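1. when you get a sec, could you give me coordinates for this:
(one chain, ligands or ions: 2)
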Amino acid sequence: MVTTGELWATLGSVMASVMFASAIFKQYFPYQLQGYVEKYSQKLFRILYPYIEMTFHEFSGDRLKRSEAFSAIQNYLSTTASLHATRFKADVVKDSQSIVLSMDDRQEVTDEFKGIKVWWVLGKNIPKTQSFSFYPATGEKRYYRLTFHKSHRELITGPYVNHVLAGGKAITVKNRQRKLYSNNPSKNWYGWRSTKWSHVFFEHPATFDTLAMETKKKEEIKKDLKKGYLLYGPPGTGKSTMIAAMANFLNYDVYDLELTTVQDNSELRSLLIDTSSKSILVIEDIDCSLDLTGQREKKKEKDEDKEEKNPIEKKEKEDGGSKKSKVTLSGLLNFIDGLWSASGEERIIVFTTNYVDKLDPALIRRGRMDKHIEMSYCCFEAFKVLAKNYLDIDSHELYAVIESMPAETNMTPADVAENLMPKCDEDDTETCLKNLIEALKAAKEEAIKKTEEEARKFSRIENRYRKSKFSSTSNPTSKTHNNLHTQTIPTQNLSMESLGCLVL
Ligand SMILES: Nc1ncnc2c1ncn2[C@@H]1O[C@H](COP(=O)(O)OP(=O)(O)OP(=O)(O)O)[C@@H](O)[C@H]1O
Ligand SMILES: [Mg+2]
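-> Ligands and ions are numbered 1, 2, ... in the order given. From the prediction side, this is the model:
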């Protein structure tokens, strides 16, 4: 069956032939008439064929790069095609999870923009002489042809084409299967099929809706996304969950950079150059990675030493462990600044830490890590989000009991989530909430005991200090007197930790 677009295209070809013929035959007319012949044949063409055609080819002249406009049109028409076309092709995307429909060859679809009708046809030119090529079906030249009435030239060539391209690009981003990358040690960078980054499909379910946090804080973050974040807070408060929610919100890939396996600044540079835009670069536990404090790293090593290792593991650790990363803070900061100046808004960098006080001020300087977000212990509002996530409830009579409890304890959202989860098939909503109430009570009692214990410790130290001060005043030659006087400790400024150290 001949489609409307093909009809117009045929008519267009006929008229083009008439124009061509008139151009050839005009020389047989007297010189004075030739101008008139040309002018009137063009006028006749415009009257008989009031349509304009625009063609978008799949490949540009060099045939190496697929035209972005062609891909965008293909995606845009995939939504329109599924509504109007009688034949279309189906492609599976996103790891077999969804199907994208597109127009089949020579299929025509119509579209409407501000009440104006346009026609799209997917056409194909097949050259008469076939030549050998490495590229599949390189002889075929596919194109989309857009036909519209000439009275709408400005609207269609401007706003409509922009609307199609923007819509198509948005669909490309939506259908993209996103990835979670992690860096490979440099000894695996070379050789057959080796790469600097390994990836798996990124399928974390977290969203801003399921993130347990005050709504106001979440809205602020969503409204004003920055390029550099520092997320800090105790383990289990949702730092990694927040990064996943950001990636899902923006439709970005995630690069999880393990700095401790990067040998030096030049390796870091190669890794960062190899990342793509529309991505979040994550450096978790930045305080450990760059040895800004040294303490957690040493503690980790100590803990590892305590664990019994088999001889092979031990040998591996000795071989690799001796090579300390030489990545410097200034190196990291320079590359980060470089990344931003190269790809601007399309790249977000997130650092996480459990110990914000220990970070180097250069690292967290505003302007670089624009936004500092504290991920804190679970509040009632955060609890409600978790209850919705795990029990699918918006309210319950036990909420009145729970309301004041999270604020009285230091329970992380991870702990609350664990206690809320049904332990067996028989556990209903009420049992789960009661389990949480019990856990909150136990945590509260634990917190009270700890405070009392610390208060006792504090008063013991204070008494000892007073006694020694008293004895030193009564005995001016005593050694204690000199020590204490050289130390001059104002007790009201002492933290519990420092007092604890004195006792120990
Ligand atoms: N704010 C939160 N919202 C929703 N779920 C959370 C939140 N915090 C923790 N969780 C739950 O607890 C688990 C652990 O949280 P997550 O890994 O995000 O913590 P973290 O702050 O990154 O901890 P760490 O400092 O150890 O890396 C998550 O898988 C999630 O199920
Ligand atoms: Mg984490």
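2. mind listing what the residue of the stretch 51-200 of the chain found nearest ligand 1 touches?
-> Closest approach of the stretch 51-200 of the chain to ligand 1 (Cβ to the nearest ligand atom) occurs at residue 180, with a separation of 14.0 Å. In short, each C-beta sits where N, CA and C put it, glycine included. Contacts for residue 180 (Cβ atoms under 8 Å, 6 or more residues apart in numbering) come out as 199-202, 204, 253-254, 256.
3. which positions in the protein make contact with ligand 2?
-> When proximity is defined by Cβ under 5 Å from the ion, the chain lies next to ligand 2 at 239-240.
4. all strands of the chain, in order?
-> 51-57, 88-93, 98-103, 108-113, 116-125, 141-149, 179-183, 197-201, 228-232, 253-256, 279-283, 347-353, 371-374 (DSSP state E).
5. in JSON lines: those, plus distance to residue 387 and mean pLDDT.
-> Written out in JSON lines, the entries for the strands of the chain read as follows (distance: least, Cβ to Cβ, whole Å; pLDDT from 0 to 100):
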{"stretch": "strand 51-57", "distance to residue 387": "52", "mean pLDDT": "91"}
{"stretch": "strand 88-93", "distance to residue 387": "35", "mean pLDDT": "58"}
{"stretch": "strand 98-103", "distance to residue 387": "31", "mean pLDDT": "58"}
{"stretch": "strand 108-113", "distance to residue 387": "46", "mean pLDDT": "88"}
{"stretch": "strand 116-125", "distance to residue 387": "49", "mean pLDDT": "88"}
{"stretch": "strand 141-149", "distance to residue 387": "51", "mean pLDDT": "90"}
{"stretch": "strand 179-183", "distance to residue 387": "28", "mean pLDDT": "94"}
{"stretch": "strand 197-201", "distance to residue 387": "30", "mean pLDDT": "92"}
{"stretch": "strand 228-232", "distance to residue 387": "24", "mean pLDDT": "92"}
{"stretch": "strand 253-256", "distance to residue 387": "28", "mean pLDDT": "95"}
{"stretch": "strand 279-283", "distance to residue 387": "28", "mean pLDDT": "94"}
{"stretch": "strand 347-353", "distance to residue 387": "26", "mean pLDDT": "92"}
{"stretch": "strand 371-374", "distance to residue 387": "23", "mean pLDDT": "91"}
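6. returning to that earlier point: any quick PyMOL command for the buried ones out of the contacts of residue 180?
-> Filtering those down to the buried ones (16 or more other Cβ atoms under 10 Å) takes a single PyMOL command:
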select buried, resi 202+253+254+256
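7. from the contacts of residue 180, which single one is nearest ligand 1?
-> For ligand 1, the closest of those turns out to be residue 204, at 8.9 Å, with distances computed as Cβ to the nearest ligand atom.
8. check the gap between that closest one and residue 395 for me.
-> Taken as Cβ to Cβ, to the nearest Å, the spacing of residue 204 relative to residue 395 amounts to 28 Å.
9. repeat that for residue 180.
-> Between residue 180 and residue 395 the computed distance is 36 Å (Cβ to Cβ).
10. and the residue of the stretch 351-500 of the chain closest to ligand 2?
-> In the stretch 351-500 of the chain, the residue that lies nearest ligand 2 is residue 352 (6.0 Å; Cβ to the ion).
11. my error: substitute the chain in the last question.
-> residue 240 (3.3 Å).
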